[in-house]
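**Student:** below are the sequence and a predicted model; questions follow.
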Amino acid sequence: PLSELCHAVAAMGFTVVRLPFSSEMLRVERVPPGAIDYVQNKDLEGLSPLQVYDRVIEELGAAGVTVIINNHTTVGAWSGGVELNGMWFRDQCKVYTE
């Protein structure tokens, strides 16, 4: 569960973490299927990606871990891919602009 994970981070001696997010996460309403194990995290079910992000920050704070939020990419994607432009905005896009 999320709380146990956050406390484990603190138990390993971490006092600060960088928590990336994508601009896309701010406008979509649903977490992608399979992204969260709702058996382990029932309280996260039905939340938007931004609400889940807020919960992660809350739980890390409760565990004594400071969070540095990081607008890391425009489009949400699992690691391994290159960002479309490496910026938080996209040229010729009506949704993500400078």
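**Tutor:** Okay, I see it. Numbering: from 1, shown residues only.
**Student:** in stretch 20-36, what counts as buried?
**Tutor:** Residues 21-23, 25, 31, 36 are the ones in stretch 20-36 that count as buried (16 or more other Cβ atoms under 10 Å). (C-beta placed from N, C-alpha, C; glycine too.)
**Student:** not including adjacent chain positions, what is the nearest residue to Leu5?
**Tutor:** Glu59 (7.9 Å; Cβ to Cβ, 6 or more residues apart in numbering).
**Student:** re earlier: which one of the buried residues of stretch 20-36 is nearest Leu5?
**Tutor:** Within the buried residues of stretch 20-36, the smallest distance to Leu5 is 11.8 Å, found for Ile36 (Cβ to Cβ).
**Student:** got a pLDDT number for the residue lying closest to that closest one once chain neighbours are set aside?
**Tutor:** Excluding the flanking residues, the one nearest Ile36 by Cβ to Cβ, 6+ apart is Leu44, at 5.5 Å. Reported pLDDT at Leu44 in the predicted model: 97.
**Student:** just checking, Leu44 touches Val52?
**Tutor:** Yes. Using Cβ atoms under 8 Å, Leu44 is in contact with Val52, at 5.5 Å.
**Student:** joint contacts of these two?
**Tutor:** Common contacts of Leu44 and Val52, defined by Cβ atoms under 8 Å, 6 or more residues apart in numbering, comprise 31, 36.
**Student:** returning to what we had before: dump the residue contacts of the residue nearest to Ile36.
**Tutor:** When the contact criterion is Cβ under 8 Å, 6+ apart, the partners of Leu44 are 2, 31, 36, 38, 52, 55.
**Student:** show me where this structure has helices.
**Tutor:** Here the chain has its helices, by DSSP state H, at 2-11, 49-62.
**Student:** list the contacts of Val52.
**Tutor:** By Cβ under 8 Å, 6+ apart, the contact list for Val52 reads 31, 36, 44.
**Student:** Provide the backbone phi and psi angles at the first one.
**Tutor:** Yep, that's Val31 we're talking about. Phi and psi for Val31, reported as degrees, to the nearest 10, are phi -70, psi 140.
**Student:** confidence score at it?
**Tutor:** Val31 is assigned a pLDDT of 92 by the prediction.
**Student:** quick check: closest non-adjacent residue to it.
**Tutor:** Nearest to Val31 is Pro49, by Cβ to Cβ, 6+ apart, at 5.5 Å.
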